[in-house]
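In: next come a sequence and a model predicted from it.
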Amino acid sequence: MSERQLELLFGQGRHPDADRIERGLLDDGADPATARLATVLGQPIEEIEARKQTPLLALDFSYRPQASLIVLWALGDAHTRRVIERAHERAVAQALRWLEDEVAETRWSSGRGRAKTPAFVVAAFRHYDNRDGFPFLHDHCLILNRVQRRGEDGEPVWGALDTRRLYRHVVAAGTLYTLTMTTEVCEELGLAAAPREVTPGLRPVMEIAGVDQVLIAWSSTRRQRIEDVLEGLTYTYVQEYGRLPGEKARHGLGWWAAQDTRPEKKTPRPLKQLLGRQMVDGLLERCRTAGAAIRARVDPHVDAVLAAVDVAAVVFTVRGKFARRHVLAEARRHLLETLRGQEFSRGLDDYIANRALAAHGRQSTVVQPGRRTPAVDQLFYTADFAEPDRWWIAGTDGKPPRESSWYERARVASLAVQNAIRAARPAPAAQDDAPAATAMDAAHSGDHQHDRTSDAPHAVDLTGRDAALTPAQRAAAIHTH
């Protein structure tokens, strides 16, 4: 598309060929107002502005790899960069496809009318650096807030997306991108993921094993400034409210810190100057050595029963009440933490999420008589895990002691139930030669209350085997003992 067509579509909410269509109508004798209105997609922005409202013509969804993958992309050889860029492109496409297929809806009549959308209109822009001029591969995906549906007469009608619904699923889409991107790069290059603690007590970030913290810090200069400001904002929050900020408050403080440290954009450099030549000798081989050691000790199978426990316990302890999208996002994080970048069967994330809700969720949404029945993704749940007592953790590097976080307490709740399940399981029986069910069969079967023998080859129960633990899990295990 040309720059003019993008301006018409994303800047004015009109057909990208509006100029040609409008000229044709004027030549046929139509008046200017009618000719222009014929090129408008959905509600004209003039009508929206007349109500003193700001038109929302597009949504910006950004996707970027973890810091260690940025380092490998910036400092690796040409082949490594191509692998990372291809994986990035495919992961972005999969995240957008999931939003398009499973989430997106158009709404009209103040939400009384709803319909699935056939397709997104997306303009993707690739950026190679950040505001400090450092290498930073990321994509901005502008999703047009105009989609088609069939009208009552069967003719196509343009309308707006349910943007609130899309934004509610942005985290689940982001975890799908990270899981897909990391898994493909690890499989293609023989690498593995390892947890890196960014903020004590919070969820670790799964980085590529073998990339030094010094290199990660080099690629995350703005992140460090944000964290420095965030530490002060968090201290002020604790002084005012007498407690640590919850998940929603942390996101708000993080946004505030990001705005306070936002520098002006620098003039972009040519890609050859930005990346230069390979600066770290043997970086990929070092990562492959570390990845081989991790892959040798991590089983490529996931215990579906314990995975469901862990996912449900974490979501419940952190949030209290949760929807399926929260469980699905946690299931995707669990797969990356457990498999460390190894391939898994498609649909396993949905399967674990469904099992977590079926076995441990209790619907808290009450359907009101005479009201519209909520959609599946609008239902909220709770659970009945025992909430661990709070404890204090000694400070390091001169920092004062801190209270255990909700995430650390969630790991304790999860491990307590997992240990009880392990203890109640019978001793391993002799295996027969019967073929196991496929992951797709398990993921799409309607019965979520089946026994362990129906689990898939990447979703089986491994009696007596301990999974590789993250630092937070090890700390929680020590606390339980």
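Out: Arrived safely. What you see is a predicted model, and the numbers here were worked out from it, not measured in a lab.

In: would you verify that Glu7 is located in a helix?
Out: Yes: using DSSP: H, G, I helix; E, B strand; the rest coil, the assignment for Glu7 is a helix.

In: how near is it to Met1?
Out: 10 Å (Cβ to Cβ, to the nearest Å). Backbone N, C-alpha and C define where each C-beta goes, glycine included.

In: higher neighbour count, the two?
Out: Per other Cβ atoms under 10 Å, whichever of Glu7 and Met1 has more neighbours is Glu7, with 14 against 11.

In: how close does the more buried one get to Leu142?
Out: On the measure of Cβ to Cβ, Glu7 and Leu142 end up 12 Å apart.

In: lowest-confidence helix or strand of the chain?
Out: helix 439-444 (a mean of 41; mean pLDDT, DSSP states H and E).

In: mind listing what the closest residue in space to Thr39 that isn't next to it in sequence touches?
Out: Leaving aside its chain neighbours, Thr39 sits nearest to Ala18 (3.6 Å; criterion: Cβ to Cβ, 6 or more residues apart in numbering). Applying Cβ atoms under 8 Å, 6 or more residues apart in numbering to Ala18 gives the contacts 8, 12, 36, 39.

In: same thing but at 10 Å, please
Out: By Cβ atoms under 10 Å, 6 or more residues apart in numbering, the contact set of Ala18 is 4-5, 7-9, 12, 35-36, 38-41.

In: cool, Gln259 as well?
Out: Gln259 touches 226, 229, counting by Cβ under 10 Å, 6+ apart.

In: for this protein, give me the ranges with low pLDDT.
Out: The chain contains residues with pLDDT under 70 at 110-112, 219-222, 273, 276-281, 428-481.

In: show me the longest strand that occurs in it.
Out: strand 135-144 (DSSP state E).

In: what helices and strands are in contact with that strand?
Out: In terms of contacts (3 or more Cβ pairs under 10 Å, 6 or more residues apart in numbering; DSSP states H and E), strand 135-144 is packed against strand 58-63, helix 67-75, helix 78-98, strand 122-129, strand 156-161, helix 213-219, helix 271-275.

In: got the angle for it vs strand 156-161?
Out: Relative orientation of strand 135-144 versus strand 156-161 (axes from the mean of the first three to the mean of the last three Cα atoms, to 10 degrees): 130 degrees.

In: each with direction, which strands does the very next helix or strand once past strand 135-144 pair with?
Out: Reading on from strand 135-144 to the C-terminus, the next helix or strand found by DSSP states H and E is strand 147-150. In the sheet, strand 147-150 lines up against strand 156-161 (antiparallel) (DSSP bridges).

In: got the buried residues for the strand it pairs with?
Out: Residues 157-161 are the ones in strand 156-161 that count as buried (16 or more other Cβ atoms under 10 Å).

In: state the next helix or strand along the chain beyond it.
Out: For strand 156-161, the following helix or strand on the C-terminal side (DSSP H and E) is helix 163-168.

In: distance from the chain centre to the longest strand of the chain, please.
Out: 15 Å (Cα atoms, centre = their mean, to the nearest Å).

In: pull the CA atoms of that strand into PDB?
Out: What follows is strand 135-144, C-alpha atoms only, in PDB (Å, rounded to 0.1, in the frame of the first residue of the first chain):
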ATOM      1  CA  PRO A 135      19.700  -2.700  18.600                       C
ATOM      2  CA  PHE A 136      16.100  -3.700  19.500                       C
ATOM      3  CA  LEU A 137      14.100  -5.900  17.200                       C
ATOM      4  CA  HIS A 138      10.400  -5.300  17.500                       C
ATOM      5  CA  ASP A 139       7.200  -5.000  15.500                       C
ATOM      6  CA  HIS A 140       4.400  -2.500  15.800                       C
ATOM      7  CA  CYS A 141       1.200  -4.100  14.500                       C
ATOM      8  CA  LEU A 142      -1.600  -1.500  13.800                       C
ATOM      9  CA  ILE A 143      -4.900  -3.400  13.800                       C
ATOM     10  CA  LEU A 144      -7.500  -1.300  12.000                       C
END
